[in-house]
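1. Sequence plus predicted model, see below.
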Amino acid sequence: MQEFAFAPAAGTKYGTYLDAIGVDVSAAWVAVSASDTVALKFFTADATFLVTGGSNSADAGKANLTVVPEPGTVVLSVAALLAVMGKARRRQRITAD
C-alpha cells in the first residue's frame, strides 16, 4: 500500500480520471509502480493553450468530488463543543447560587 506525505484539506475539490489506452500522445492513465516515470498529458476538447482541441470532453477535466472531514475530526469537534457548553452551564449554576 502506498502512503502519501500529505492529505488534502476538507472542502478541497478533486476529480478522478482513468484511460487505459492513452490519448493525445499521453501514456495510459493507470497505476504504475513507484519507480516508473510516465508522461501524462490531459487535453480537453475546448483546449486552446498548447494544443487546439484534445480528445477528452470538457467535462472530463472538471473536479467533481469534494474532500469531507474525517469522522473522527467531527466527533472530536462535537465533544469539545459539548465540554465547553457543560463547563459554561456549571459556571452559570455556581454564580447563580
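-> Cool, got the structure. Keep in mind the model is a prediction, meaning the values are calculated, not measured.
2. CA atoms for contacts and neighbours, from now on please.
-> OK.
3. Okay, helices next: where are they in the protein?
-> Here the chain has its helices, by DSSP state H, at 71-96.
4. show me where pLDDT drops low in it?
-> When residues are selected by pLDDT under 70, those of the chain lie in 1-6, 18-20, 22, 25, 30-32, 96-97.
5. for it, what spans make up the strands?
-> 13-14, 65-66 (DSSP state E).
6. what's the last one in contact with?
-> The reference is to strand 65-66. With C-alpha atoms under 8 Å, 6 or more residues apart in numbering as the contact definition, strand 65-66 has outside contacts at 10, 11, 12, 13, 14, 15.
7. how about those in a markdown table, adding distance to residue 52?
-> What follows is the contacts of strand 65-66, written out as a markdown table (distance: C-alpha to C-alpha, whole Å):
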| residue | distance to residue 52 |
| --- | --- |
| 10 | 35 |
| 11 | 32 |
| 12 | 29 |
| 13 | 26 |
| 14 | 24 |
| 15 | 23 |
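8. Which residue ranges make up each domain of the protein?
-> 1-66, 69-97 (automatic domain parsing).
9. Format those as JSON lines; extra columns: mean neighbour count.
-> Output for the domains of the chain, formatted as JSON lines (neighbours: other C-alpha atoms under 10 Å):
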{"stretch": "domain 1-66", "mean neighbour count": "12"}
{"stretch": "domain 69-97", "mean neighbour count": "11"}
